[in-house]
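>>> need a structure here:
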Amino acid sequence: MARSETQERDFTPEVSICSICLEQYKSPVSLHCSHAFCQTCLSTHIKSSCEDCDQPIGFPCPLCRVFIPAPGEINQYSVDEWATKFPVNKFLPSVVGVPVILCKPCQEDEEEVKAHSWCKDCSEALCEECAKYHKKPRPSRHHVVISITECSGISQIPDTLEICENHGRKFELFCRKHYLPCCSVCVTTEHSSCTSFCQLEEIGRDFIEPEKVKVLQSGMEKFGTKLKYIIGEGRTNMKRNDDIVDTFTKKLLEFTTNIIQVVKKLEEEHLNEISRLSKESNSKLQKSVESFEQRFLYLKYWKEILLKNLSNETASETKKVLSYIKLKNIHENLQRLKYTKIDICIKTKLLDDVKKLIELPCLANVSADERLDQVSLNVDYTRAKVNKTSEFTIEGTNISGVSFLSNGNLFLADYKGKRCVMCDTNGVILQETRIPVSPWGVCASGIDILITLPYERSILKFDSTSFETIETVYVGCHCYEIAAFGNTIVLSTDKSVETLVDGFSATKRKTLLSGLKSVSDIAIDNENNVICSSYSDHIVRKLDLRGNVLFTYNHEKLRSPYRLTTDSKGNIFVYGSGSSNIHILSRDGKLLQIMEGMTDVACLNFQDTTNKLFVGSSKGNVTVFKFSES
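Residues are numbered from 1 along each chain as shown. Down below sits the predicted model:
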């Protein structure tokens, strides 16, 4: 009897009331913090919280103010859609206006028995007897059944790591090309042209190597530190402006104590003006700080999940893999966001002729200098230090192509030796295999490696895990260099740029009109734009897949550009064979830095996770440079 009274007291009517509109729930949805609200009420709160935020990626809970990350991937949904993407709380509608919660199965048998449990999988209330038998049949044996009194204090948010956020289905397969988990719908849509899949369970511990976790965690720590630094700068800016306002106010008040009523009127006008400027400036600074705080809180939220999932010995390997992928995507997506920091300095100056107050229209000049700076939270190549981290020689090799693998090792194409070599960044050969013909260009596509065979007019697909050939595909041209992004593959011949989209078939090959006399190397950035260099024209050109020229770069210190590569932000590294240097360009073709003293460079490749640039020579000499903040 006491339990029933507690149940009635706990769930009628408090639990059925939305804390925003103070009315009974209408389509309640749950947040990660366990609080639920009407979908419409939550949507209004989200819009209000995010209206002044630059690229919002979350919002505070209306009740507890805990930071709630936006549903889905960053920028996947608009702010107007967020409230509709949180899961519906099926428990709360069942208690709205109900004095006693009854067992659903018993009600179907026309019996009225008080419920004491709730099945989260079936979304049904159960009495003690039904709850007991609910756990026996095989279909419902593993359902999560909890007491009714626990329902108001639990989060209705399911573990979404194993659920596809685009299609709402459970992940089943792993795309080896794109390194992404897939549900059954993903396989037939976004990955329809992919041919290499495996079961999630087959990935195992090899995917999440301790070193990779450390690198990701270190990168997130550094990213969080930069965000905190900018937040601190914003707060310091506000305090500095407050100090300026305080100092100015004191001087102005001291000066005006002995002057006439006219001065008092001007004093009031100035104080009002400086107060207005202070409020407006601090309001803008606060918005800027809140924008960076959102990114920091978003990062902190997912980082805690990383540490929890990866350190939990009882967690499944699948969950650890998916946690790593999720957090890696979050890390990369956060880095792609635009970061704009505002810096406001309120300036004041008392006039020299202030004694002639009767004749003066004002007592001081009061203004606020506002400057918007684009903040780069990645390596700034214009000021970055370049350090040589390792240098070694792989004897007997003629390196023609190179690519960093996801595990941090290097995959090399040995042209004269007709072999493929995998080594670590210290030059220790880990695996090697002979192939029938001479390889040339190399690029990674998921866990597959694509290798050009120019004289065979073919591409060799190579499995970097088993270190075996998958297949050789005829493409119908003398292809030398190769680059890939998503489902797009770009090839270079001596005089043309060829593109392959959604497949390797020669019938899908299209020639991209570059306007160049010759093509010495190619790359493709994260927006599917093609960068090509011309040895004879001494230029670097960027085009979209329709052949439109986005920019053409030439410089008096760049002669005979031979090799090039890009990082994940679209920055470009170009080796000038005739000028013995490497030019680092921004994604829009602006010169950022020149690395002098580079000779006999046969291939370049950049590793984003460590900010390392691989430089290989035809004689097997390898140098690895690391970029760091100055």
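
>>> Where do the strands of the stretch 351-500 of the chain begin and end?
Ranges of strands in the stretch 351-500 of the chain, per DSSP state E, counting those that start in this stretch, are 364-375, 385-393, 399-404, 410-414, 419-423, 429-434, 442-445, 448-453, 458-463, 468-474, 482-485, 488-492, 497-501.

>>> What residues sit buried inside the longest one?
Meaning strand 364-375. 364, 366, 368 (16 or more other CB atoms under 10 Å). Backbone N, C-alpha and C define where each C-beta goes, glycine included.

>>> for the second one, what are its contacts?
Read that as residue 366. Contacts here follow CB atoms under 8 Å, 6 or more residues apart in numbering; on that basis residue 366 touches 248, 270, 273, 274, 277, 346, 347, 348.

>>> same deal with residue 219?
331, 609.

>>> Following the one helix or strand it maps to in sequence, what is the next regular element?
Secondary-structure assignment from DSSP states H and E places residue 219 in helix 210-256. The element immediately downstream of helix 210-256 (helix or strand, assigned by DSSP H and E) is helix 261-311.

>>> Centroid-nearest residue for this structure?
For the chain, residue 333 is the residue whose C-alpha lies nearest the centre (CA atoms, centre = their mean; 1.4 Å).

>>> before we move on, back to that, any idea which of the strands of the stretch 351-500 of the chain scores lowest on pLDDT?
Among the strands of the stretch 351-500 of the chain, strand 364-375 has the lowest mean pLDDT, at a mean of 76.

>>> Go ahead and measure how far it is from the middle of the chain.
Mean-position distance between strand 364-375 and its chain equals 31 Å (CA atoms, centre = their mean, to the nearest Å).

>>> Over to stretch 219-228?
13 Å.

>>> Pull out the buried positions in it.
Using 16+ other CB under 10 Å as the test for burial, stretch 219-228 gives 219, 220, 223, 224, 226, 227.

>>> circling back: can you name the element that comes right after the strand or helix carrying the residue nearest to the centre of the chain?
If you go by DSSP H and E, residue 333 is part of helix 317-336. Using DSSP H and E, the helix or strand that follows helix 317-336 in sequence is strand 339-350.

>>> For that following strand, which strands pair with it and how are they oriented?
strand 364-375 (antiparallel) (DSSP bridges).

>>> Residue 416 versus residue 324, what's the distance?
Separation of residue 324 from residue 416 (CB to CB, to the nearest Å) stands at 39 Å.

>>> So these two - more neighbours on which side?
residue 324 (19 against 13; other CB atoms under 10 Å).

>>> Mind giving me the packing neighbours of the helix holding residue 333?
Here helix 317-336 is seen to pack against strand 180-182, helix 210-256, helix 261-311 when contacts are counted using 3 or more CB pairs under 8 Å, 6 or more residues apart in numbering; DSSP states H and E.

>>> so how far is the longest one off the chain centroid?
Yep, that's helix 261-311 we're talking about. On CA atoms, centre = their mean, the centre of helix 261-311 falls 25 Å from the chain's centre.

>>> For residue 615, which non-adjacent residue is closest in space?
The spatially closest residue to residue 615, leaving aside those adjacent along the chain, is residue 623, at 4.7 Å (CB to CB, 6 or more residues apart in numbering).

>>> Give me the contacts around stretch 234-253.
With CB under 8 Å, 6+ apart, stretch 234-253 has contacts from 267, 270-271, 274-275, 278, 281-282, 285-286, 288-289, 292, 341-346, 348, 350, 363-364, 366.
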